[in-house]
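**Q** Make a model of this:
(one chain, ligands or ions: 1)
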Amino acid sequence: MQITQKQFDNFQVPDTIKNKSFFVSFEGFEGAGKSTILKYFMEYLKTQGFNVVVFREPGGTEFGEKLRDAILSQRGKLSALAEAYLFASARAELLEKMIFKKLEEPSTVVILDRFIDSSLVYQGVGANLGMSLILEIHSHYPLNYLPHLTFLLDIDLETSRDRMKKRGTSKDYFELQDDEYFKKLIEGYRVVAQMFANRVKIIDAKSSEVIVKDRVIECWQRYLRDI
Ligand code: T5A
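**A** All right, here's what the predicted structure looks like:
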């Protein structure tokens, strides 16, 4: 299915910038450093007077955490479409029950560890459903709300595998995939960055944590200057 311009028309961002409240997501492969770097970013934002709330996807609500266990324990065994709808269900719940409410509070930054771009890449490209279908699933309220800003932490396959090895956890679904799968995901994130060029900022994340953290903060400061 071809992606059409019309598919982007329904998407919007929360109207909360006037209250200095922002919706930000981190994206990237396993081991890109999303959880690590977003903690540094959170600490930085607090020094700037923001209230900060962090959610991970899938998860973030009681229902979402149950779905997280269900999905991640079944990955690769579920139908790709079932997986896509499950991620979307958890996301809809998180948006309505938590994200929108938190964004109503002034000077608040809601940070997501993964969001719609993960579905576009992992289900749309990795599982061959096509990005068009994923956009279609997200074309209705509340799923049609996008972050104001997304940091795409960019690493290569070698760095990802190295970091996962160092972390020493048992091999998960992702680590069992071959290089071809990973290349599809790289291409997928590239397409996402082009499709949403205003929102998605690519951060070279192969350097040390401190350098990557500084890159993210610089990017954030640029974003604030430009809005
Ligand atoms: N998924 C999710 C979908 O398929 N569709 C969807 O719509 C959604 C929302 C989630 C899985 O679900 C899939 C994608 C995923 O496969 P998860 O367990 O939450 O699973 O996996 P990740 O989000 O990828 O979490 P990871 O922990 O694997 O990756 P992170 O958060 O990017 O990496 P992090 O910060 O934990 O760092 C990993 C290791 O590297 C080190 C850290 O200390 C850690 O040991 N590290 C660095 N080392 C050197 N230099 C740096 N700059 C470093 N940054 C981190």
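**Q** and the strand or helix carrying residue 193, which residues are buried?
**A** Element membership for residue 193, per DSSP states H and E: helix 179-195. Buried positions in helix 179-195, judged by neighbour count with 16 or more other C-beta atoms under 10 Å: 182, 184, 185, 188, 189, 192, 193, 195. All C-beta spots, glycine's among them, are computed from the backbone N, C-alpha and C.
**Q** does the ligand sit close to stretch 181-199?
**A** No. Judged by C-beta under 6 Å from any ligand atom, stretch 181-199 stays clear of the ligand, getting no closer than 9.3 Å.
**Q** so what does the worst-scoring helix or strand of the chain on mean pLDDT touch, helix or strand wise?
**A** Lowest mean confidence among the helices and strands of the chain (mean pLDDT, DSSP states H and E): helix 6-9, at a mean of 85. When contacts are defined as 3 or more C-beta pairs under 8 Å, 6 or more residues apart in numbering; DSSP states H and E, helix 6-9 packs onto helix 131-137.
**Q** quick check: mean pLDDT across whichever helix or strand comes after the helix it packs on?
**A** Moving toward the C-terminus from helix 131-137, the next helix or strand (DSSP H and E) is strand 149-154. For strand 149-154, the mean pLDDT works out to 98.
**Q** Same question for stretch 196-212.
**A** On average, stretch 196-212 scores 97.
**Q** quick check, distance from that stretch to the centre of its chain.
**A** 13 Å (C-alpha atoms, centre = their mean, to the nearest Å).
**Q** average pLDDT for stretch 84-103?
**A** Rounded mean pLDDT across stretch 84-103 is 97.
**Q** ugh, wrong one, I meant stretch 126-135
**A** The model assigns stretch 126-135 a mean pLDDT of 96.
**Q** and it, which residues are buried?
**A** Within stretch 126-135, the residues that count as buried by 16+ other C-beta under 10 Å are 126, 127, 129, 130, 131, 133, 134, 135.
**Q** do stretch 99-115 as well
**A** 99, 100, 102, 103, 108, 109, 110, 111, 112, 113, 114, 115.
**Q** could I get those residues as JSON lines with distance to residue 57 and secondary structure?
**A** Formatted as JSON lines, the buried residues of stretch 99-115 follow (distance: C-beta to C-beta, whole Å; DSSP: H, G, I helix; E, B strand; the rest coil):
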{"residue": "99", "distance to residue 57": "11", "secondary structure": "helix"}
{"residue": "100", "distance to residue 57": "15", "secondary structure": "helix"}
{"residue": "102", "distance to residue 57": "15", "secondary structure": "helix"}
{"residue": "103", "distance to residue 57": "16", "secondary structure": "helix"}
{"residue": "108", "distance to residue 57": "18", "secondary structure": "strand"}
{"residue": "109", "distance to residue 57": "16", "secondary structure": "strand"}
{"residue": "110", "distance to residue 57": "12", "secondary structure": "strand"}
{"residue": "111", "distance to residue 57": "11", "secondary structure": "strand"}
{"residue": "112", "distance to residue 57": "6", "secondary structure": "strand"}
{"residue": "113", "distance to residue 57": "7", "secondary structure": "strand"}
{"residue": "114", "distance to residue 57": "4", "secondary structure": "coil"}
{"residue": "115", "distance to residue 57": "6", "secondary structure": "coil"}
